[in-house]
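J.: Coordinates only, no sequence provided:
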């Protein structure tokens with residue numbers, strides 16, 4: 001079974017060092033990787049990851065330039081790196097940009113309410129969700145706290161639930177097990193939706209064992225996708241965490257890759 005990391009990040013070589021340094025200072029967290037695409041590939045080789053999904057976060061409205069760079073990068077990395085589309089809430093001509101992404105092979109986008117300054121359930125975001133739903137593209141959404149923006153409340157699970165309910169055909173991967181440091185709220189608000197999946201990015205050994213077991217029992221392992229959040233968490237450590245869970249080997253394989261392959265219909 002292939003191992004698929006559904007949630008990783010890289011930066012262009014020209015800005016990677018500066019970007020990582022800036023994020024380390026704002027978060028008070030030390031990156032474990034350089035953010036360079038070549039080093040993500042090295043991490044994949046060392047940890048046995050077959051495919052890493054790279055999730056760019058556009059911090060300015062000029063997200064089109066990021067998409068152009070990633071279209072070129074897709075040709076260089078083949079099936080090893082899979083790039084999501086970059087989109088900012090203030091990107092001009094949102095619908096046209098989403099159509100452009102769809103036409104160029106991007107099947108999903110990443111949005112981050114803290115770094116992009118929006119509340120997940122703000123009505124200004126609805127045209128984006130509506131167009132993603134129309135185009136059959138999924139949304140990888142940062143959920144819960146961010147170490148640089150503790151208690152912002154912009155991406156809490158209750159807000160995500162509002163979007164899931166209103167846009168019932170929009171497939172949402174609620175990152176960080178649905179709400180980083182807000183896992184009780186994940187269990188309270190995100191259950192019962194057919195259109196939500198949870199990823200494990202930056203969650204290796206973070207939730208208490210009791211909470212993790214409740215999430216598995218409530219959502220089922222088929223709704224959980226492996227993610228590391230590289231370069232902020234080691235891929236090997238994240239894989240070891242999944243393999244340490246008290247579930248069957250088949251369920252572990254599903255989380256580590258089988259569920260993602262079904263999700264992408266590969």
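T.: Received it, and whenever you're ready, just let me know what you need. The structure presented is a predicted model; accordingly, all values stated were derived computationally and were not measured.
J.: List the buried residues in stretch 110-126.
T.: 110, 111, 112, 113, 114, 115, 116, 118, 119, 120, 121, 125 (16 or more other C-beta atoms under 10 Å). Where you see a C-beta, it was placed from the backbone N, CA and C, and this is true even at glycine.
J.: ok, so of those, who is nearest residue 161?
T.: Closest to residue 161 out of those is residue 121 (8.5 Å), distances taken as C-beta to C-beta.
J.: Just say helix, strand or coil for that closest one.
T.: When classified by DSSP: H, G, I helix; E, B strand; the rest coil, residue 121 comes out as coil.
J.: Can you pull the phi/psi pair for it?
T.: Main-chain torsions, residue 121, degrees, to the nearest 10: phi -100, psi 20.
J.: Give me the distance between it and residue 57.
T.: Per C-beta to C-beta, to the nearest Å, residue 121 is found 19 Å from residue 57.
J.: Surely residue 91 is in contact with residue 98?
T.: No: if you go by C-beta atoms under 8 Å, residue 91 and residue 98 don't touch, sitting 9.2 Å apart.
J.: And these two? Which one has more around it.
T.: For residue 91 and residue 98, the more surrounded residue by other C-beta atoms under 10 Å is residue 98, and the numbers stand at 23 against 19.
J.: which SSE is that one in?
T.: helix 94-103 (DSSP states H and E).
J.: State the next helix or strand along the chain beyond that helix.
T.: Following helix 94-103 toward the C-terminus (DSSP H and E): strand 108-111.
J.: which helices and strands sit right next to that next one?
T.: strand 85-86, strand 138-141 (3 or more C-beta pairs under 8 Å, 6 or more residues apart in numbering; DSSP states H and E).
J.: Does anything pack onto the shortest one? Which helices or strands?
T.: In this case it means strand 85-86. Other helices and strands packing on strand 85-86, by 3+ C-beta pairs under 8 Å, 6+ apart, are helix 63-77, strand 108-111.
J.: Apply 7 Å and report the result again.
T.: helix 63-77 (3 or more C-beta pairs under 7 Å, 6 or more residues apart in numbering; DSSP states H and E).
J.: Whatever helix or strand comes next after the helix it packs on pairs with which strands, and in what direction?
T.: Scanning forward in sequence from helix 63-77 by DSSP H and E, the next helix or strand is strand 81-83. Its sheet considered, strand 81-83 pairs with strand 51-54 (parallel) by DSSP bridges.
J.: Quick one: residues in contact with the partner strand.
T.: Applying C-beta atoms under 7 Å, 6 or more residues apart in numbering, the contact partners of strand 51-54 are 2, 4-10, 40, 44, 79-84.
J.: same check, this time on stretch 17-33
T.: With C-beta under 7 Å, 6+ apart as the test, stretch 17-33 has contacts from 11, 34-35, 39-40, 43, 147-148, 230-234.
J.: Then stretch 80-92?
T.: 37, 41, 44, 51-56, 58, 60-61, 63, 66-67, 70, 73-74, 97, 101, 106, 108-111, 116, 118, 124-125, 128, 140.
J.: For PyMOL, write the selection for the buried entries among the residues you listed.
T.: Remark: buried members of the contacts of stretch 80-92, expressed as a PyMOL selection using 16+ other C-beta under 10 Å:
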select buried, resi 37+41+44+51+52+53+54+55+56+58+63+66+67+70+74+97+101+106+108+109+110+111+116+118+125+128+140
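J.: burial measure for residue 205, as a count.
T.: Residues lying near residue 205 (other C-beta under 10 Å) number 13.
J.: what about the stretch 1-150 of the chain, any weak spots by pLDDT?
T.: By pLDDT under 70, the stretch 1-150 of the chain has no low-scoring segment.
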